[in-house]
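[1] structure, please.
(chains A and B)
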2 protein chains.
Amino acid sequence: MTHFLHEFFYPRTVAVIGATDKPTKPGRAIMENLAGFTGEVFPVNPKHTELFGRRCYPSITDIPGTVDLAVIALPVIAVEAAFAEIVMKKIQRLIMITSGFAEAGEEGKRLQERLRQAAIKYGIRIIGPNSLGVFNTKNGFTSFFVSPERIMKPQPGNLSIISQSGAIAVIMMEAMARNGIGIAKAINYGNRVDVDEADALDYLTEDDQTSAVVMYIESVGDGRKFLQTAKKFASRKPLIVWKAGKQEMGASAVASHTATLAGRYALYEAAIRQSGAVEAYSFEHALDAAKVVSLLHHTCVGNRLLIVTNGGGMAVAAADAAAREGFVMPPVPEGVREVLRRSFPAFFVLNNPIDITGSGSDDDYYRALTEALPHYDAAVVIVLTGTTTVTEKSAEIIARACKELRKPVATCMLQGMRYAEDVEKSVQKLGIPAFPSPERAVRALAVLRRSGCTLK
Amino acid sequence: MTHFLHEFFYPRTVAVIGATDKPTKPGRAIMENLAGFTGEVFPVNPKHTELFGRRCYPSITDIPGTVDLAVIALPVIAVEAAFAEIVMKKIQRLIMITSGFAEAGEEGKRLQERLRQAAIKYGIRIIGPNSLGVFNTKNGFTSFFVSPERIMKPQPGNLSIISQSGAIAVIMMEAMARNGIGIAKAINYGNRVDVDEADALDYLTEDDQTSAVVMYIESVGDGRKFLQTAKKFASRKPLIVWKAGKQEMGASAVASHTATLAGRYALYEAAIRQSGAVEAYSFEHALDAAKVVSLLHHTCVGNRLLIVTNGGGMAVAAADAAAREGFVMPPVPEGVREVLRRSFPAFFVLNNPIDITGSGSDDDYYRALTEALPHYDAAVVIVLTGTTTVTEKSAEIIARACKELRKPVATCMLQGMRYAEDVEKSVQKLGIPAFPSPERAVRALAVLRRSGCTLK
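    Residues are numbered from 1 along each chain as shown, chains lettered A, B, ... in the order given. Okay, the predicted model is just below:
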């Protein structure tokens, strides 16, 4: 049986109620963003007969044929009338962009409750209100009202995003796009009058396009349902959960943001751990975690970490982080050391970290990795590109070693500005994540290790 | 009396022993980097009569007149002979770039010890060996052998860097350059046969160009001397100390990096705290801390934090970080709320965080800050530039409010890619630090608060 959320992501016919050409209005951005959608779009607005090259309808009931999904981008006062038409038109799926409901006070709360009961009565499923709705790179369908000039769109990929905050969903998508990491689907459910984070997670568990999920939550609708769904998801695919509103101060910020109770953080912490998901502790931690699980497909089966570097200081920082993250760093085995000693100058340091120093070349990285990495579970490779013995080719060479050895490798390219950036971009294009500090590279591998623990 | 380190940073005449035009050799990069130096440079190399447009001398003793400082960039085997000539020439200051001493084994250790004793005998002060030496933006003098094509040079500024790792000194300089933050001086003392981190700190205490210092240390030469000097420095100017090699694994990496003992971290931790310095816990923490103390000159006198945002989720993340960092977030006073209520739409959230939502404009930031910030000690301002109601002008407006109110403000610009970057650059040009995540903005203000505590 098809999951009830499927038609939200793959509608064949969509009505955009409140479509407009007025700048800064959500109804305009939605229309613009649907330019690449493969299905049929019916703008609804009595003031227009045509919008963005599509025929515009005065009312929902004027649309010919079946409408799989309606997107409401009207002011809050116009919503109930539109809802009545949706019922008449027998539309079963509704994304409500409109804000001014429970998050806006008592009157809004009552309106939201009336809507909820009507939806149940007529069997209409709702995402929202006060939401961005959904984003699907597969068919170009999206109800995200983001400015196409301001927001960089991600390419299709295998990571999906579930976010209680619309802004954070967009920021994460952008950050992934910038890192060349593709997105499968994204959903922001706002006030979750109906669809919640657990529904979304449940749907994505069976979604072939999605191989990992990163979630931002301030609260959950139903704790038991969330735990159950998270468990099921995390038993198959990596799940990253960033729970904000941890402390009392954060929790009180949540109350004014999504009009929900942040709840006791300790309970969330326990639930996330119990489910087999990996908790992210900050914005950048969530981004790094999402990056590592979406790029690396070799699981990190143990905690033996190798560090290869051409600069000692950054390796010390990495080793500090490794200890914090529960890795061990056994020295390079004697046999490997002997082999490397034969081809390396005497001043290369063959402990763990392996330090090929400022004189080390691209090929020295390859040699160090191919000889030593088989004896470890994962590696952090630090490349300071300020030294002229390292070139852009190091990216390809490191990626090759990682692929041949089928071990997860995280990199950190520093120094040498544009050189570091070029190598970083190249290495990520080849599927090896790069991080802006050695500590973050280590921390990302720890995420992989923790999420790997749940894999069968 | 002039500090003995003064002539290292302000030599009038410098001999570069081992100057060369061979690519990838330190002696070449040093000559290239001295192109902008205002003093006189004497390359020394018997194979050349001219190098980089300067007359080249066959030996040190052939140089006419007094030489304030010699930079040795020779292979280790040639060092003792050169040292003998330095003695004959009565040069009193020596920067030793050459590696292959204590860090390279027993023979190197003995050589280093002979050198140390000879230096004492002849009253020669040494920076190094195995070091980059010094960097001074004031007069363009530097012995850093970094490739001028690969490494971006910082502008003159008020931040100085002391680093036990040469690579990290360079990476920090670059990171500051990229953020538009100027550098006064930098020093990397390598094996510290003579000059150590405490000498450098002592010198910079009286240096008018330096208004803050960031240090990277793996160990200190003399604990008592370090504590004393750090105390003196931190009583006048902000001091950031990043101690690496904290855990056993990191400490063992230190042993192979700088051939020193990392020591018990708890002792360092206590000493740093006792001195009034602020400890940085990672590479990015050190960078953020350096940025905030070098840009913001209004001290953070208390722990009352205001958050102003146009996106709720990121403010929740900031509030979580604020709690962790020891800030409190009292709600906006009733009187302020009433004033703001008159000019703001009803759906702006006037607690703390103040959330002007996706509809908030540049001017709304100004209004919120000017009314509320006087009641707080510092503010974090989050700007999601993906919304079209915010423009590039927000940078100027936020900077103006911060300056008028004389309160420290850290910003975080996200979403809207190029827009976020433009606003970020502009705001930093105006002296307000921007950070890539709300948590890091909060953490940076906490550094300012902690370092401010020591200010008289």
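
[2] the nearest residue to A:Glu284 once chain neighbours are set aside: neighbouring residues, count only.
    Distance criterion CB to CB, 6 or more residues apart in numbering or on different chains; nearest residue to A:Glu284, sequence neighbours excluded, is B:Ser437 at 5.0 Å. Using the backbone N, CA and C atoms, a C-beta is placed for each residue, glycine as well. Residues lying near B:Ser437 (other CB atoms under 10 Å in any protein chain shown) number 24.

[3] my read: B:Ser437 touches B:Cys412, true?
    Yes - using CB atoms under 8 Å, B:Ser437 is in contact with B:Cys412, at 6.4 Å.

[4] show me which residues of the stretch 51-200 of chain A are close to chain B?
    Within reach of chain B by CB under 8 Å from any CB of the partner chain, the stretch 51-200 of chain A has these residues: A:99-100, A:104, A:146-147, A:150-152, A:163-168, A:170-171, A:174, A:178.

[5] for A:Gly39, what are its contacts?
    A:Gly39 makes contact with A:Pro11, A:Arg12, A:Thr13, A:Val14, A:Asp68, A:Asn139, A:Phe141, according to CB atoms under 8 Å, 6 or more residues apart in numbering or on different chains.

[6] now the residue of the stretch 51-200 of chain A found nearest chain B, what are its backbone angles?
    Closest residue of the stretch 51-200 of chain A to chain B, CB to the nearest CB: A:Ser165 (2.9 Å). Dihedral pair for A:Ser165: phi -110, psi 130, per degrees, to the nearest 10.

[7] show me which of the contacts of A:Gly39 are buried.
    For those, a burial check counting by 16 or more other CB atoms under 10 Å in any protein chain shown picks out A:Pro11, A:Thr13, A:Val14, A:Asp68, A:Phe141.

[8] of those residues, which belong to strands?
    Residues of these located in strands (DSSP state E): A:Thr13, A:Val14, A:Phe141.

[9] state the pLDDT value of the second one.
    Reading off the confidence values, A:Val14 has pLDDT 98.

[10] please tell me how far it sits from A:Ala78.
    To A:Ala78, A:Val14 is 19 Å away according to CB to CB, to the nearest Å.

[11] what residues does the stretch 251-400 of chain A put near chain B?
    A:252-254, A:256-258, A:282-284, A:307, A:311-324, A:328-329, A:346-347, A:349, A:351, A:353, A:355, A:358, A:384-389.

[12] what's next to stretch A:72-87, contact-wise?
    Here stretch A:72-87 has contacts from A:16-19, A:25-27, A:30, A:59-61, A:70, A:94-101, A:104, A:108, A:111, A:114-115, A:118, A:122, A:124, A:128-129, A:145, using CB under 8 Å, 6+ apart.

[13] pLDDT at A:Cys453, what is it?
    A:Cys453 is given a pLDDT of 49.

[14] give the contact list for A:Ala434.
    Here A:Ala434 is in contact with A:Ala410, A:Thr411, A:Cys412, A:Met413, A:Val423, A:Glu424, A:Val427, A:Gln428, A:Ala441 (criterion: CB under 8 Å, 6+ apart).

[15] A:Ala323 too?
    So, once contact is read as CB under 8 Å, 6+ apart, A:Ala323 ends up touching B:Lys246, B:Gln247, B:Glu248, B:Met249, B:Gly250.

[16] assign it to helix, strand or coil.
    For A:Ala323, the assignment made with DSSP: H, G, I helix; E, B strand; the rest coil gives helix.

[17] which residues in the stretch 351-456 of chain A form helices?
    A:362-372, A:394-405, A:418-429, A:438-452 (DSSP state H, counting those that start in this stretch).

[18] so where's the stretch 151-300 of chain A shaky on pLDDT?
    Within the stretch 151-300 of chain A, the stretches with pLDDT under 70 are A:259.

[19] re earlier: measure how buried the residue of the stretch 51-200 of chain A closest to chain B is and give me the count.
    By other CB under 10 Å, 26 other residues sit near A:Ser165.

[20] scan chain A for its longest helix.
    Longest helix of chain A, by residue count under DSSP state H: helix A:106-122.

[21] next one: the residue lying closest to A:Ala434 once chain neighbours are set aside from A:Val301, what distance?
    The spatially closest residue to A:Ala434, leaving aside those adjacent along the chain, is A:Glu424, at 4.2 Å (CB to CB, 6+ apart). With distances taken as CB to CB, A:Glu424 is found 27 Å from A:Val301.

[22] which of those two has more neighbours?
    Counting neighbours by other CB under 10 Å for A:Glu424 and for A:Val301 shows that A:Glu424 has the greater number, 23 against 14.

[23] return the residues in contact with that one.
    A:Ala395, A:Thr411, A:Met413, A:Ala434.

[24] quick check: pLDDT value at it.
    Reading off the model, A:Glu424 has pLDDT 93.

[25] ok, it to B:Val146 distance?
    Counting by CB to CB, the gap from A:Glu424 to B:Val146 is 19 Å.

[26] also A:Val292?
    When distance is defined by CB to CB, A:Val292 is 31 Å away from B:Val146.

[27] one more: A:Gln164?
    Where B:Val146 is concerned, A:Gln164 sits at a distance of 46 Å (CB to CB).

[28] among those two, which residue is more densely surrounded?
    A:Gln164 (31 against 28).

[29] check contacts around that one.
    So A:Gln164 contacts A:Asn188, A:Tyr189, A:Gly190, A:Arg192, A:Glu197, A:Tyr216, A:Ile217, A:Glu218, A:Ser219, A:Thr258, B:Gly313 (CB under 8 Å, 6+ apart).

[30] just the ones of those residues in strands?
    A:Asn188, A:Tyr216, A:Ile217.

[31] make JSON lines out of the residues you listed and add distance to A:Gln274.
    Below are the ones in strands among the contacts of A:Gln164 laid out as JSON lines (distance: CB to CB, whole Å):
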{"residue": "A:Asn188", "distance to A:Gln274": "26"}
{"residue": "A:Tyr216", "distance to A:Gln274": "20"}
{"residue": "A:Ile217", "distance to A:Gln274": "15"}
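
[32] mind putting those residues in a markdown table, neighbour count included?
    As requested, those are exported to a markdown table (neighbours: other CB atoms under 10 Å in any protein chain shown):
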| residue | neighbour count |
| --- | --- |
| A:Asn188 | 29 |
| A:Tyr216 | 27 |
| A:Ile217 | 24 |
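
[33] now, among those residues, which is nearest to B:Gly182?
    A:Tyr216 (37.3 Å; CB to CB).

[34] surely that closest one meets A:Val254?
    No - at 11.7 Å, A:Tyr216 does not count as touching A:Val254 under the criterion of CB under 8 Å.
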